[in-house]
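When you get a sec, could you give me coordinates for this:
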Amino acid sequence: MTEQRDLKKARLEQGATGMTTTTDLAKAAKDKGIKYFLISFVDMGGALRAKLVPAAAIGEMQKNGAGFAGFAAIMDMTPAHPDMFAVPDPESLIQLPWNHEVGWLASDLWMDGHPVESSPRVMLKRMVKKAEAHGFRPKTGVECEYFLIKPDQLALADDLDTAAKPCYDQSALMRKYDVIKAICDAMLDLGWEAYQNDHEDANGQFEMNWTYDDMLITADRHTFFKYMVKSIAEQHGQRATFMPKPFKHLTGSGCHAHVSLWDKEGKRNLFHHDTDAMGMSEVAYHFLGGILHSAEALCSLFNPTVNSYKRINATTTTSGATWSPNAVTYSGNNRTHMIRIPDPGRFELRLMDGAANPYLMQAGVLAGGLDGVENARAPGKPVHLNMYEDGHKLRRVRRLPLNLSDAVKLTARSKVLRHQLGDSFVDSYCKLKMEEWARFGQALTQWELDHTLDC
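Numbers count the residues shown, from 1 in each chain. Next comes the predicted model:
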């Protein structure tokens, strides 16, 4: 209890990260009929961790947090580290649409009276504060793609979904109506303003869209969305996966981010400019230029797994296109580029995939973008050709990393990311990712057996 009292004092002195006195969780439990709370956090590896806390104890948890051993999660800690406390943000409260007895809470991590800088949500909040210091209010939306597969094997849940070009296939979409409806109804009930659902370019692949919002809100919702989709799919006897490239011959799952900066009141889009050919302002081009400048270094944040690089460096799929980038380019409304500008006042970053950590991908967007603003980085001229057919004609075009190891090394060497995200975070993240790469290198694959068993 001494450590918890010290934590409370430190948070009061520093101005608790994200805490507010406007929502009393104990009262919310009584008003909403919540019996248990999931106090959760996303670790550096992207895994969602939680403790289930009875409503009778939530008042104490709201003040002091729930204790965790950092070494037990992917947090670059040892068993010798002191307790890590997950302090719930009451404004993030979501009552599970499929089980109203449970409330979900996003949390910030604290240790020894200080925020854990390697905590992805803490990192994003720190980057949002940097943006606010410039007079910016960052807003984003995400397009989360996922596959529905059978629960016990790597096979599509829908045996009839076999079309060579299945994108927007009405019959395939409606065969999964019960699952899609349950997820979309939940988003509507939560007030996310869900507006469309579709069958994507791969067999068994779907995408569901909701309205953009402040960057932290979007990251919290993205985190919960992945949990919700998996939970509802399980209830329907299926499994949902956000794995970037689960099937070699099919299009991989991306997680495109739509980005804009607004004024502090959130009323004026600072990316919009009426007289520009693509409707973008000078600050928008500088922000875009910063992301382009650090694209290769950002890749390990946006594409964080070994499997990720089988999506962005894929060969042509059965549908005829991979729909993923492999070069550092931008364009207008042209989906063959890493970044496209589909409408005035926003751009779509198409590099991220389904494995991206919801908080770190947004922090990475700000890290690159704010560097671009601070250094007035010009993005150069847009490229309007079809990159899938004519990309080889470009001279001196920068290509994205071929594997996780290359990407992590670029992250480690990036002066921009070290300046924006901090040496401690970059060192910890790269250490954990290189350990992951080493484990992959030690694994015996079927390809090796098929090609070298008789050598």
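
tell me the contacts of Lys409?
Neighbour list for Lys409: Cys430 [criterion: CB atoms under 8 Å, 6 or more residues apart in numbering]. Where C-beta positions appear, they are placed from N, C-alpha and C, glycine not excepted.

Now do the same for Asp189: its pLDDT.
Per-residue pLDDT puts Asp189 at 97.

could I get stretch 254-270 in CSV with only the CA atoms?
The C-alpha coordinates for stretch 254-270 follow below in CSV (Å, rounded to 0.1, in the frame of the first residue of the first chain):
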residue,chain,number,x,y,z
GLY,A,254,-3.7,-3.3,-43.8
CYS,A,255,-4.6,-0.7,-41.3
HIS,A,256,-4.7,2.6,-43.2
ALA,A,257,-4.6,5.8,-41.3
HIS,A,258,-6.4,9.0,-42.4
VAL,A,259,-4.6,12.0,-40.9
SER,A,260,-5.4,15.7,-40.4
LEU,A,261,-4.4,18.5,-38.0
TRP,A,262,-6.9,20.9,-36.5
ASP,A,263,-6.8,24.0,-34.4
LYS,A,264,-7.0,23.6,-30.6
GLU,A,265,-10.7,23.9,-30.6
GLY,A,266,-11.1,21.3,-33.2
LYS,A,267,-13.1,23.6,-35.5
ARG,A,268,-10.7,24.4,-38.3
ASN,A,269,-8.8,21.8,-40.4
LEU,A,270,-5.2,23.1,-40.7
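
Might you list the low-confidence residue ranges for the stretch 1-150 of the chain?
1-22 (pLDDT under 70).

Tell me where it has strands.
Per DSSP state E, counting those that start in this stretch, the stretch 1-150 of the chain carries strands over the ranges 36-42, 48-54, 66-68, 84-88, 94-95, 102-111, 114-115, 137-149.

All the helices of the stretch 151-300 of the chain, residue numbers only.
170-175, 177-189, 215-235, 282-293, 295-302 (DSSP state H, counting those that start in this stretch).

quick one: buried residues of the longest one?
What it means is helix 215-235. Buried positions in helix 215-235, judged by neighbour count with 16 or more other CB atoms under 10 Å: 215-233.

Distance of Cys184 relative to Asp158?
To Asp158, Cys184 is 18 Å away according to CB to CB, to the nearest Å.

Can you get me a residue count around Glu60?
14 (other CB atoms under 10 Å).

Report the angle between the host helix or strand of Arg340 and helix 295-302.
Assigned by DSSP states H and E, Arg340 belongs to strand 339-343. Angle, strand 339-343 to helix 295-302, by axes from the mean of the first three to the mean of the last three CA atoms, to 10 degrees: 80 degrees.

Tell me the buried residues in strand 339-343?
339-341, 343.

can you check stretch 234-249 too?
Buried residues in stretch 234-249, counting neighbours by 16+ other CB under 10 Å, are found at 238-247.

Next step: those residues restricted to strands.
Counting by DSSP state E, the buried residues of stretch 234-249 place 239-241 in strands.

In JSON lines: those residues, plus distance to Ser260 and pLDDT.
Putting those into JSON lines (distance: CB to CB, whole Å; pLDDT from 0 to 100) gives the following:
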{"residue": "Arg239", "distance to Ser260": "34", "pLDDT": "98"}
{"residue": "Ala240", "distance to Ser260": "29", "pLDDT": "98"}
{"residue": "Thr241", "distance to Ser260": "30", "pLDDT": "98"}
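
would JSON lines of those with distance to Leu48 be doable?
Output for these, formatted as JSON lines (distance: CB to CB, whole Å):
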{"residue": "Arg239", "distance to Leu48": "16"}
{"residue": "Ala240", "distance to Leu48": "14"}
{"residue": "Thr241", "distance to Leu48": "15"}
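
Closest one of those to Asn269?
Asn269 has its nearest neighbour among those in Ala240, at 33.5 Å by CB to CB.

quick one, which of the helices of the stretch 151-300 of the chain is nearest to Lys129?
Lys129 lies closest to helix 215-235 among those, at 10.5 Å (CB to CB).

Show me what that closest one packs onto, helices and strands only.
If you count contacts as 3 or more CB pairs under 8 Å, 6 or more residues apart in numbering; DSSP states H and E, helix 215-235 packs onto strand 48-54, strand 102-111, helix 120-133, strand 137-149, helix 177-189, strand 205-210, strand 239-241, helix 358-374.

hang on, the earlier thing: mean neighbour count and distance to His392 added to the strands of the stretch 1-150 of the chain, as a markdown table?
Formatted as a markdown table, the strands of the stretch 1-150 of the chain follow (neighbours: other CB atoms under 10 Å; distance: least, CB to CB, whole Å):
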| stretch | mean neighbour count | distance to His392 |
| --- | --- | --- |
| strand 36-42 | 24 | 39 |
| strand 48-54 | 16 | 41 |
| strand 66-68 | 21 | 50 |
| strand 84-88 | 25 | 49 |
| strand 94-95 | 19 | 47 |
| strand 102-111 | 24 | 44 |
| strand 114-115 | 18 | 47 |
| strand 137-149 | 22 | 27 |
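
possible to save the ones you listed as TSV with distance to Ala277?
Below are those laid out as TSV (distance: least, CB to CB, whole Å):
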stretch	distance to Ala277
strand 36-42	39
strand 48-54	42
strand 66-68	51
strand 84-88	46
strand 94-95	41
strand 102-111	40
strand 114-115	43
strand 137-149	23
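
Out of those strands, which is closest to Arg418?
Smallest distance to Arg418 across those (CB to CB): 18.9 Å, for strand 114-115.

Can you give me the distance of the residue nearest the centre of the chain to Val116?
Nearest to the geometric centre of the chain sits Pro358, at 2.6 Å (CA atoms, centre = their mean). To Val116, Pro358 is 17 Å away according to CB to CB.
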